[in-house]
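>>> Structure here, sequence nowhere to be found:
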DNA sequence: TATGAATGAGAGTTCATTCAT
DNA sequence: GATGAATGAACTCTCATTCAT
């Protein structure tokens, strides 16, 4: 199974799908939408998902009503952040390649998780949250691509399958977030996993 | 370093320390305290840490005031649950032994996490929450004991250290919780880690 | 009208009336009652009338139930404190005499008020609270005695009447409490009133 | 020292300062703010400072959230009432003048106190509460103006100083409130004080 | 369309009072 | 009679959401 051969082609298509639904927005509305998402990402990263929507509005420099016009429900806002994050992750996975690509992806993700709470909460929702299945599938495909590449290059054992790779990815991300690990610990922990994956 | 030689002796002492602070409670108060903790564990497992204290009271079959008499703050309640869970984990780790003891502990913990949200959120707080450091230390010691045993039996590579074992434990627990993994996936994921730990 | 000639005689009687109603108490109960009243006086003086009954119990070194056995209602406790304070004030007024007796009483009361919130809140209730009319009457009589003495000695103008003396007493006490006046201000303020009372 | 020469000029300025802080409010918000303050004044006057914020909301005809949007804390609400009352008192003091101005101010204040609990509790906080020092200073200045005028007109003894005048004002106001005095008693009590102040 | 004030259900917490021990 | 745990109504405060401006 080779994901990589098919991917480059529809890259753009699904990236767009992830970001836009509905009719195109007026210029200022689009700008506001982006500002809100940025602010929300920061706020939720700092304060957790319980942070108030007012705080998001404040940091975005818009009124609360504007937030709710763009995202009728707090959950919608959360989902939107997740979608955007997923899109970034997929893009990142898409840019990597080669025998060590998957390892590199693990490393980067874990490093980011230490800094960004949202990356984690996003991955955590995979399989649980009903609203992001499609985007999640795309990520799985991207990671699947890296896995296939590594396996055909012989850097990962052939019997390893995608689900456990995803599971490890999610676990590490979670752990890295909550544990607030120093750089060295992160490396040592990854080392164990890489050893487990390598032939 | 051999934890195992010293542990069995004071096992009982610290187990008691974990569970009791303050003067002994009246019979009915003790019963209520236990009921509240049980209810809280269930409720928070089902609904997450945002579940209302009222709900806990309702399920425990006591009035809300009783909950607050025992745990003046919601946080106190959360902390108490954590302490109890930790104590259980430590007890469990203390009962295991032999070359495969640590692997068994990984397996059990991951299995529990899939069922109990709290196990996870507990471990997640390790190193973050200020209130549980002592109990956490005890768990680390217990796991350290298992690690030492495994390493001297040659089932785990000698360069592996306690911090990354804890990190892996926490990560997997988190992952198992949020991902809601089926039995087989759990096994396959653990297999990767075990391979990484074995010589 | 000379209150003083009649007062010494029934001094004991009303003092007793003020303190006891109901059958005599067992020794330990009496001791507890006193401790509770002492504690309550302190607590309410420090924290205001909103202070919790638990706090009173704690400081008295008894359990909350004991407080409520002695004073079935928080209001009863408050009333009891008032009664005791009133009794003390009356006793103090009863011991004073001579042309400057009333002035001395003013001075002492104002000084106390600066230290004790309760003295004030007690006097403030005079005429408002329904529960203390009898004891209040006694105080009025005692002060009336001092007034009569001063007037017949010519140190207070004859047209001054008891009600305004009581009103001034109450006002100053209130003021001294809330204003937290330094010694000198207290003296200067009293001086104005004394000038107003003197011929 | 002549307060009077400087006062009329900046009267308006500080009166505004007392009432407005922050950006201008929307019309409806301003209306609600006023309604809440009015309701609060009534409610606290009737029920004391322990009255519930819910009751205030009910009487103001707004939802509880609105009260808390305007006054994030119950204390803020209390403080706001105080400020408004002080502003009124200062305005009133500012409009009086002439040799009998101060006496008139005493009379009016005492009369109001008999009707409005809040006037009293406001003055009672003078020197105690940390939040109103500026406004209180303004009142002192206004009263100081009246005092100077009366002294230069010879209706008040020259050795009388501002602090004791304030102390008497506060005391009487307190007394008038709590004592619930009839009109005549109020007059007779004031008479004593006025005699004490006059040459 | 953006604004931000209003809403109101619901959360955590307190405390006078009751009652089993 | 003393104890102190249990009760539950009441209170302050928060926040997602609605809607007039």
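Right, received. Where do you want to start? Worth saying up front: this structure is predicted, and the values here are computed from it rather than measured. Numbers count the residues shown, from 1 in each chain, chains lettered A, B, ... in the order given.
>>> drop to CA atoms for contacts and neighbour counts, all remaining ones
OK.
>>> chain center to the helix or strand residue A:176 falls within, what's the gap?
Following DSSP states H and E, one finds residue A:176 within helix A:162-179. Distance of helix A:162-179 from the chain centroid (C-alpha atoms, centre = their mean, to the nearest Å) equals 12 Å.
>>> what's it packed up against?
Secondary-structure packing of helix A:162-179 (3 or more C-alpha pairs under 8 Å, 6 or more residues apart in numbering or on different chains; DSSP states H and E): helix A:101-115, helix A:117-125, helix A:133-153, helix B:117-125, helix B:162-179, helix B:183-197.
>>> Put together TSV for these, with mean pLDDT on each row.
Converted to TSV, those look like this (pLDDT from 0 to 100):
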stretch	mean pLDDT
helix A:101-115	89
helix A:117-125	66
helix A:133-153	90
helix B:117-125	64
helix B:162-179	88
helix B:183-197	95
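>>> Of all residues in chain A, which one is closest to chain D?
residue A:54 (12.7 Å; C-alpha to the nearest C-alpha).
>>> per-residue confidence at that residue?
What the model reports for residue A:54 is a pLDDT of 95.
>>> For it, which non-adjacent residue is spatially closest?
In space, not counting the residues next to it along the chain, residue A:54 is nearest to residue A:64; the distance is 5.9 Å by C-alpha to C-alpha, 6 or more residues apart in numbering or on different chains.
>>> For that neighbour, list the residues it contacts.
Taking C-alpha atoms under 8 Å, 6 or more residues apart in numbering or on different chains as the criterion, residue A:64 is in contact with A:53-54, A:57-58.
>>> For chain B, state which of the residues you listed is nearest.
With C-alpha to the nearest C-alpha as the yardstick, the closest approach to chain B among the contacts of residue A:64 comes from residue A:53, at 16.6 Å.
>>> Quick check: the gap between the closest one and residue A:72.
The gap separating residue A:53 from residue A:72 is 12 Å, by C-alpha to C-alpha, to the nearest Å.
>>> cool, and residue A:79?
Taking C-alpha to C-alpha, one finds residue A:79 at 11 Å from residue A:72.
>>> Looking at those two, which has the bigger crowd around it?
residue A:79 (17 against 12; other C-alpha atoms under 10 Å in any protein chain shown).
>>> and the helix or strand harbouring the more buried one with DNA strand F, contact?
Secondary structure assignment for residue A:79, by DSSP H and E: helix A:74-95. Yes. Using C-alpha under 7 Å from any atom of the strand, we find that helix A:74-95 touches DNA strand F at A:74-75.
>>> Please name every helix or strand in contact with that helix.
With contacts defined as 3+ C-alpha pairs under 8 Å, 6+ apart, helix A:74-95 has these neighbours: helix A:3-19, helix A:27-47, helix A:117-125, helix A:133-153.
>>> Pretty sure residue A:143 sits against residue A:93.
Yes. Here residue A:143 lies in contact with residue A:93, judged by C-alpha atoms under 8 Å, at a distance of 6.5 Å.
>>> Could you single out the nearest of the contacts of residue A:64 to chain C?
Proximity to chain C was ranked across these by C-alpha to the nearest C-alpha; first place goes to residue A:54, at 35.1 Å.
>>> what about that closest one, how many neighbours?
Applying other C-alpha under 10 Å, we find 14 residues neighbouring residue A:54.
>>> Dihedrals phi and psi, it?
Torsion angles at residue A:54 (phi, psi; degrees, to the nearest 10) stand at phi -60, psi -40.
>>> Spatially central, which residue of chain A would that be?
Nearest residue to the geometric centre of chain A (C-alpha atoms, centre = their mean): residue A:86, 3.5 Å.
>>> where does chain A come near DNA strand E, residue by residue?
Residues of chain A that fall close to DNA strand E, judged by C-alpha under 7 Å from any atom of the strand: A:28-29, A:32, A:62-66, A:69-70.
>>> Chain A against DNA strand F: which residues are in contact?
Contact residues (C-alpha under 7 Å from any atom of the strand) of chain A with DNA strand F: A:50-54, A:64-65, A:68, A:72-75.
>>> quick revisit: now render the helices and strands packed on helix A:162-179 as JSON lines, adding mean neighbour count and distance to residue A:184.
Formatted as JSON lines, the entries for the helices and strands packed on helix A:162-179 read as follows, by neighbours: other C-alpha atoms under 10 Å in any protein chain shown; distance: least, C-alpha to C-alpha, whole Å:
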{"stretch": "helix A:101-115", "mean neighbour count": "20", "distance to residue A:184": "11"}
{"stretch": "helix A:117-125", "mean neighbour count": "23", "distance to residue A:184": "20"}
{"stretch": "helix A:133-153", "mean neighbour count": "21", "distance to residue A:184": "25"}
{"stretch": "helix B:117-125", "mean neighbour count": "24", "distance to residue A:184": "19"}
{"stretch": "helix B:162-179", "mean neighbour count": "25", "distance to residue A:184": "10"}
{"stretch": "helix B:183-197", "mean neighbour count": "18", "distance to residue A:184": "17"}
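>>> Turn those helices into TSV, including distance to residue C:106.
Compiled in TSV, the helices and strands packed on helix A:162-179 are given as follows (distance: least, C-alpha to C-alpha, whole Å):
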stretch	distance to residue C:106
helix A:101-115	70
helix A:117-125	68
helix A:133-153	83
helix B:117-125	64
helix B:162-179	73
helix B:183-197	84
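>>> Which one of the residues of chain A next to DNA strand E is nearest to residue A:172?
For the residues of chain A next to DNA strand E, the residue nearest residue A:172 by C-alpha to C-alpha is residue A:70; the value is 33.1 Å.
>>> now the closest one, nearest residue through space, not along the chain?
If the residues on either side of it in the chain are set aside, residue A:70 comes closest to residue A:33, at 6.6 Å by C-alpha to C-alpha, 6+ apart.
>>> these two touch, right, the one you found and residue A:68?
No. Taking C-alpha under 8 Å as the contact criterion, residue A:33 and residue A:68 are not neighbours in contact, 10.5 Å apart.
>>> more neighbours, those two?
The residue with the greater number of neighbours, taking residue A:33 and residue A:68 and applying other C-alpha under 10 Å, is residue A:33; the counts read 20 against 15.
>>> Quick check, pLDDT for the more buried one.
Residue A:33 is given a pLDDT of 92.
>>> With residue A:79 instead?
Predicted confidence (pLDDT) at residue A:79: the value is 88.
>>> Understood, closing this out.
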